[in-house]
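**Student:** next one to model:
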Amino acid sequence: MEDMSRRTACCQIVPPHLLRRLAEAGEPDAARAAQHTLETSLRHAGQRSVRTAQSSTRGGNGAVGLIPPELRGRAEQSGDYELPANTVRRQADSSAPFRPDRSIYDAGHTTDLPGTKRRGEGDPASDDESVNEAYDGLGDTFSLYADVYDRNSLDGNGLPLLASVHYDRNFDNAYWDGEQMVFGDGDGVYFTSFTDSVDVIGHELTHGVTQYTAGLTYVGQSGALNESVSDCFGSMVKQRVNGKTAADADWLIGAGLFTPKVHGVALRSMKAPGTAYDDPHLGKDPQPATMAAYQDLPHDEEHDNGGVHINSGIPNRAFYLAATAVGGNTWDGAGRIWYDVLTNAALPKDVDFKGFAEATIKSAGTIFGAGTSQEQAVQQAWIDVQVLTTA
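**Tutor:** Below you'll find the model as predicted:
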């Protein structure tokens, strides 16, 4: 068996293949910024892996189950659904809503974290736009998990949310380091500030949720699922903020991060993987939309642990297809199914695409009923991306 302890996780929003391309083909200053970002990211990767392993609480400690009370009671009485081992019910006498506990720091263009505190929970807006965008984005992500899925912060137990803005100089990334969010300001040539996109914030914070629940191994197909789950919930954060249904959403991740210089609309497209950008400096979006184009890459740092940011396009499109077929607000439909799977202790950490697909179909049948249109929509989505071949 492969020694996963030797693997490092690099859960930044901008994938390494894009940074490498920019380091080779970008304008001189931006190329140096990309190379520096890539090297800094790799240094942080080992630290994040250690923190993730130390804080992982799979199987307990606040991983709130999905099934809403009215469905949960019906399912338990019928014997059709057994609550996962990691489910924690909210106390019957606890009617007060969950509240976030946010702290935003300014790293002052250094790499010293967290930096100087600029805004705490409930404080008035800062005169620094990045501080306010980070504060709002953390709150929007907290709200999705609390209001829709009855989850109290990333760990389910009210974990305080910390973020540092203005990290380093010309830093082309944002990431969750296992304990806090970190945002760069971009190089100003190809990338703008990474607090500009709320879905980026939702994406990275969801790595924290995965850390405390499924703990998906960050390599190969389970690593691609780790990235995809973050895209799914990051997109839902943005959809909820903008009041968009599944049908109305743009399904883009990181729209607004590129400067006008870039020929592209976003880092990724969940609706049409492989079409987000095609630029002489950044290259062409390499994400596949189906298993026919799956990239079977070596499981090493040079190839992004088996192409986790590349092959995530396949489960991303499956989620888009399922969400739009179910219809309505994504977080009430496909989102409920994916959250149930993510927080179910029975899901293996090294699950592959097929195993995850089967788990979502089973969950859809449990939540919405066997043979329902929702279950059929999820099943057909995985068939369409060729993860499953038959019903």
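**Student:** return the set of buried residues in the helix or strand where Q380 lies.
**Tutor:** Taking DSSP states H and E as the definition, one finds Q380 inside helix 373-384. Buried positions in helix 373-384, judged by neighbour count with 16 or more other Cβ atoms under 10 Å: 374-384. C-betas here are computed from N, CA, C, even on glycine.
**Student:** can you name every helix or strand that it contacts?
**Tutor:** Contacting helix 373-384 under the criterion 3 or more Cβ pairs under 8 Å, 6 or more residues apart in numbering; DSSP states H and E are the following elements: helix 313-326, helix 334-342, helix 353-368.
**Student:** which residues of the stretch 1-150 of the chain score low on pLDDT?
**Tutor:** When residues are selected by pLDDT under 70, those of the stretch 1-150 of the chain lie in 1-10, 43-95.
**Student:** what do you get if the cut-off is 80, keeping everything else the same?
**Tutor:** Within the stretch 1-150 of the chain, the segments meeting pLDDT under 80 span 1-11, 41-96.
**Student:** the stretch 201-350 of the chain: strands as residue ranges?
**Tutor:** 252-253, 268-269, 278-279, 283-284 (DSSP state E, counting those that start in this stretch).
**Student:** can you put the ones you listed in a markdown table and add distance to P348?
**Tutor:** A markdown table is the format used below for the strands of the stretch 201-350 of the chain (distance: least, Cβ to Cβ, whole Å):
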| stretch | distance to P348 |
| --- | --- |
| strand 252-253 | 26 |
| strand 268-269 | 25 |
| strand 278-279 | 36 |
| strand 283-284 | 34 |
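**Student:** so which of those is nearest Q211?
**Tutor:** Q211 sits nearest to strand 252-253 of all the strands of the stretch 201-350 of the chain, at 19.4 Å, using Cβ to Cβ.
**Student:** direction included, what does the closest one pair against?
**Tutor:** The strands beside strand 252-253 in its sheet (DSSP bridges) come out as strand 268-269 (antiparallel).
**Student:** thinking again about what came up before, report the angle between the helix holding Q380 and helix 353-368.
**Tutor:** Orientation check (axes from the mean of the first three to the mean of the last three Cα atoms, to 10 degrees): helix 373-384 against helix 353-368 gives 170 degrees.
**Student:** now helix 373-384: how far from the chain's centre is it?
**Tutor:** Centroid displacement of helix 373-384 relative to its chain, using Cα atoms, centre = their mean, to the nearest Å, is 22 Å.
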